[in-house]
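*Asks:* Take this sequence and fold it.
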Amino acid sequence: MTNYTGAPFEDQINKNLVDIQKDLAEVKTDLKKIKRYIFWGKVLNFLYLILIIAPVVLAIVFLPRIIQNFTQNYLNQVVPGSVPTDLNKIFENYKDLIK
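*Replies:* Model (predicted):
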């Protein structure tokens, strides 16, 4: 290693070590921030999954049965004995009721 500043060789090494330690401390704090950012990103993704995606999937699975049961019960009360299972028949019955 060439001594450009005229300082003793040991002083240059100590200065370089101190600079490296400062840089390592800065990298360590940046790494902590990055880890915290990734952690909260994962938490928010999980909350998004729970609060938005799960209800949509559950609605797709259970809502048709609930609507069918509701329409059957409603039509049994309005027009006893006629429980259509097809939506076209339901709309035809509504049209007949309106006329």
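*Asks:* Please enumerate the helices of the chain.
*Replies:* Using DSSP state H, the helices of the chain run over residues 9-48, 54-78, 87-98.
*Asks:* which helices and strands sit right next to the helix or strand bottoming out on mean pLDDT in the chain?
*Replies:* Least confident helix or strand, the chain: helix 87-98 with a mean of 71, by mean pLDDT, DSSP states H and E. Counting by 3 or more CB pairs under 8 Å, 6 or more residues apart in numbering; DSSP states H and E, the packing neighbours recorded for helix 87-98 are helix 54-78. Placement of C-beta: from N, CA and C, glycine included.
*Asks:* remind me which residues of the protein are low pLDDT?
*Replies:* Along the chain, the model assigns pLDDT under 70 to residues 1-7, 78-88, 90, 99.
*Asks:* Mind putting the helices of the chain into TSV with mean neighbour count?
*Replies:* Listed next are these as TSV, based on neighbours: other CB atoms under 10 Å:
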stretch	mean neighbour count
helix 9-48	10
helix 54-78	11
helix 87-98	11
